[in-house]
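> can't give you the sequence, but here's the structure:
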């Protein structure tokens, strides 16, 4: 019969040690994922902001005395392929692209809601990013209702 010496029996990890290591790794992973959530929303919001600014650039490129060539959004079918790409990507990031024009089509605003909420619990509010043809770019908790971005949150 073969005898085991004490050195051979003391090598390796016990089951309890392995369970403790797995538990610690699990706790660290959950803490890391919790802190990455807001960063992910901020990254999506940055992309939405960039794309809303691109919509304003497209509108200025097609401007010919008015913004008639710019489609009002949202709508089911978007004719302009560049606007469609931007609207689809904004939707993928959690926003929705809106374009509002004046009746005579001489001014417009474009906006989207953002993912990150603003305020203090329990009164968190949706935040919007809006740009308009007057050069205004604002963050607001008011949903823009006209062809000009809101001036303030009052």
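That came through fine. Remember, it's a predicted structure, so these values are computed and weren't measured experimentally.
> The lengthiest helix in the chain: how far from the chain's middle?
As assigned by DSSP state H, the longest helix anywhere in the chain is helix 15-62. Centroid separation for helix 15-62 versus its chain: 10 Å, with C-alpha atoms, centre = their mean, to the nearest Å.
> before we move on, what about stretch 106-117?
The answer for stretch 106-117 is 12 Å, by C-alpha atoms, centre = their mean.
> What is the burial count for residue 114?
23 (other C-beta atoms under 10 Å). Backbone N, C-alpha and C define where each C-beta goes, glycine included.
> Who are the contact partners of it?
45, 48-49, 95, 126-129, 139 (C-beta atoms under 8 Å, 6 or more residues apart in numbering).
> so where's the chain shaky on pLDDT?
The model of the chain has pLDDT under 70 over residues 1-10, 152-154.
> Now with 90, please.
1-15, 17, 29-41, 75-76, 119-122, 151-154 (pLDDT under 90).
> same for the longest helix of the chain, what does it pack against?
helix 81-92, strand 108-113, strand 128-132 (3 or more C-beta pairs under 8 Å, 6 or more residues apart in numbering; DSSP states H and E).
> Which of the ones you listed has the highest mean neighbour count?
strand 108-113 (a mean of 24; mean count of other C-beta atoms under 10 Å).
> Isn't residue 134 up against residue 102?
No. Contact criterion C-beta atoms under 8 Å: residue 134 and residue 102 do not qualify, at 11.2 Å.
> out of these two, which sits in the more crowded spot?
Taking neighbours as other C-beta under 10 Å, residue 134 and residue 102 compare with residue 102 leading, 15 against 11.
> All set, thanks.
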